[in-house]
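S.K.: Make a model of this:
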Amino acid sequence: MRRDPFGVRPLYFAETPAGVVWSQSIWDLLERSGVPRALEPSAVAAFLCGVLGSEASLFRGIRRVPPGHALSVEDGRPRLRRHWMAPEPASAAVINLTREQAGAELLRRLRASVGQWRLPSACAQSGGLDSGVLLALMAEVAPRPLAVTQADDFTDGDELAGAHRLAEHCGAALEVLTIREEDLPDHLEATVLACQEPIWNGRAVARHLFFRAARRAGVTALLSGVGADETLWGNPPALLDLPERAEAERAIAETVLTPEARGSLPAERSNTERIPEEVLARSRQVVLSHVLPDSTLPPECRTASAEGIAVHLPYLSDAVAAFALGLPLSWQIAGVTGKRLLREAARGLVPEEIRRAPKRPRLAPSGGRGTRARARWHDLYAAWLTKARLAPLEVIDPGRVRRLLGRHRIAPASDDEGRDALLLRLVSMAILRGLDRNGRITPAGPEPNAHLTDA
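M.R.: Numbers count the residues shown, from 1 in each chain. Below you'll find the predicted structure:
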């Protein structure tokens, strides 16, 4: 059994008395393997602090096949082997090309990926460069293609305006699907079930609701621009900041761990002076091996699948990704702007203002931005993060979580996004821990009147 290079589809396995059992679904694996449903305390602590190994899962007795690896069974024991390695920049595939030729080749491969297999029924439109290029390529072979975009009350509005502009430019029909931030908490459980992994941002729930609305509108397959940032150096400033953000997230996560759990974590790396090129290279490796498969792709692919929609990711197709990852860094980044080659190749395909627009993160604050939404998130956090639900995790100090919740109640969303993301991860794990073998919450829902108390 092989897992694809970027972890688009999960693959879990467990050793049982009857042999090695594997599945793309945690719930199916729990059912067939007979492994008791329990989270591994050391994995919980490692996950919260960003140091969970690529083979480890949160569930005791269950392991993951890392992206780009194959699982085999030899003498009754599981064996993992790497079957794919990302090419080094300036690889043999591009060494004899000029930058202009490389841009044309990138576009040719994207065009082939968009048209292969079957043409998706619609293009998920974010209003930006990545999905805009896909819509333009789709329009070359599909008269008046359908674009579907998300309208919400937690982004700046540029996304919707860009989607309208791109639809007009490409001659596409545009379907606008409206998502309200205050509705997100009601659908958190369903999203965690679909992802089979903890989530850290409300955008994952919004994406789930987007796919649900798209399916109701008759969409069965979607082109998605996810993967362009990771393969084409889409956000250099974020890559440069990644080590500091990881250290900050670990620091706040350690505040809710028990002393024993903190003591069992691996030592932090020394914060020595960093060379930008080396930071970019190391950070992208982290993104490709951990952030993309564990955080970015589950809301995009698994929630879509749960709603009956097949997602096609041209930027992560074998031909496009292997070529993109082999491009020289200087062809990809100009100053602090990424995706240089794609921007140059897209001249004439998309409106100039979109081709030149800087990268903007499109997230939904974990604890809510608006007053009403924030209050609803707080109620959900308080209901799920009870002492009774945290105790089985074994490594969490309930009193420290209560104090963190108190700050969430009175602080604005911009005060500490790391705190809000940690609370959402904790709730996600409480939900995962509270599922039966059929993926149902047991007992049904949070305890209505439970409140955290100091241990």
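S.K.: and the chain, what are its domains?
M.R.: Listed domain ranges for the chain are 12-82, 99-238+265-355, 371-433 (source: automatic domain parsing).
S.K.: Can I get the ones you listed in a markdown table including mean pLDDT and distance to Arg250?
M.R.: Where you see a C-beta, it was placed from the backbone N, CA and C, and this is true even at glycine. Output for the domains of the chain, formatted as a markdown table (pLDDT from 0 to 100; distance: least, C-beta to C-beta, whole Å):
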| stretch | mean pLDDT | distance to Arg250 |
| --- | --- | --- |
| domain 12-82 | 95 | 4 |
| domain 99-238+265-355 | 92 | 7 |
| domain 371-433 | 90 | 10 |
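S.K.: Helices along the stretch 101-250 of the chain, start to end?
M.R.: In the stretch 101-250 of the chain, helices defined by DSSP state H, counting those that start in this stretch lie at 129-141, 158-170, 188-195, 203-216, 228-231, 236-254, listed in chain order.
S.K.: Which stretch among those helices approaches Arg282 most closely?
M.R.: helix 236-254 (7.8 Å; C-beta to C-beta).
S.K.: Need the contact partners of that closest one.
M.R.: Residues outside helix 236-254 that contact it (C-beta atoms under 8 Å, 6 or more residues apart in numbering): 48-51, 233, 262, 265, 268, 271, 274, 276, 279-280, 282-284, 286-287, 333, 336-338, 359, 361, 416, 418-419, 421-422.
S.K.: what does stretch 265-283 give?
M.R.: Contacts of stretch 265-283 (C-beta under 8 Å, 6+ apart): 45-46, 49, 51, 233, 236, 239-240, 242-243, 247, 250, 254, 329, 333.
S.K.: Of those residues, keep whichever come out buried.
M.R.: Ala45, Ala46, Cys49, Trp233, Pro236, Leu239, Leu242, Pro243, Arg250, Glu254, Ile333 (16 or more other C-beta atoms under 10 Å).
S.K.: Would you mind giving the residues you listed as JSON lines with distance to Ala104 added?
M.R.: Shown next, in JSON lines, are these (distance: C-beta to C-beta, whole Å):
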{"residue": "Ala45", "distance to Ala104": "49"}
{"residue": "Ala46", "distance to Ala104": "45"}
{"residue": "Cys49", "distance to Ala104": "44"}
{"residue": "Trp233", "distance to Ala104": "19"}
{"residue": "Pro236", "distance to Ala104": "24"}
{"residue": "Leu239", "distance to Ala104": "26"}
{"residue": "Leu242", "distance to Ala104": "31"}
{"residue": "Pro243", "distance to Ala104": "35"}
{"residue": "Arg250", "distance to Ala104": "43"}
{"residue": "Glu254", "distance to Ala104": "49"}
{"residue": "Ile333", "distance to Ala104": "20"}
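S.K.: Out of those, flag the one nearest to Ser131.
M.R.: Relative to Ser131, and with distances defined as C-beta to C-beta, the nearest of the buried ones among the contacts of stretch 265-283 is Trp233, at 17.6 Å.
S.K.: got a list of what that closest one touches?
M.R.: Contacts of Trp233 by C-beta under 8 Å, 6+ apart are Leu239, Leu280, Arg284, Leu329, Gln332, Ile333, Gly338, Lys339, Arg340.
S.K.: change it to 7 Å
M.R.: Gln332, Ile333, Gly338, Lys339 (C-beta atoms under 7 Å, 6 or more residues apart in numbering).
S.K.: Okay, it and Thr371: tell me how far apart.
M.R.: For Trp233, the distance to Thr371 equals 38 Å [C-beta to C-beta, to the nearest Å].
S.K.: re the thing from before, counting neighbours, which of the contacts of Trp233 comes out on top?
M.R.: Among these, the one with the most neighbours (other C-beta atoms under 10 Å) is Lys339, at 26 neighbours.
S.K.: number of nearby residues for the residue lying closest to Ala86 once chain neighbours are set aside?
M.R.: If you skip the residues right next to it in sequence, Ala86 has Leu325 as its closest partner in space, 4.9 Å away by C-beta to C-beta, 6 or more residues apart in numbering. Neighbour count for Leu325, taken as other C-beta under 10 Å: 21.
S.K.: isn't Leu325 right up against Thr231?
M.R.: Yes. At 5.8 Å, Leu325 and Thr231 qualify as touching, with contact defined as C-beta atoms under 7 Å.
S.K.: between the helix or strand where Glu277 lies and helix 236-254, how many degrees?
M.R.: Assigned by DSSP states H and E, Glu277 belongs to helix 276-286. Here helix 276-286 points in a direction 60 degrees away from that of helix 236-254 (axes from the mean of the first three to the mean of the last three C-alpha atoms, to 10 degrees).
S.K.: Check the secondary structure at the residue nearest to Ser23 when sequence neighbours are not counted for me.
M.R.: Nearest residue to Ser23, sequence neighbours excluded (C-beta to C-beta, 6+ apart): Leu29, at 4.2 Å. When classified by DSSP: H, G, I helix; E, B strand; the rest coil, Leu29 comes out as helix.
S.K.: State the distance from Leu29 to Arg3.
M.R.: 14 Å.
S.K.: thinking again about what came up before, check what contacts the helix or strand that the helix holding Glu277 is followed by and list those residues.
M.R.: Using DSSP H and E, the next helix or strand after helix 276-286 towards the C-terminus is helix 297. Helix 297 is contacted by residues Gly7, Val8 when judged by C-beta under 7 Å, 6+ apart.
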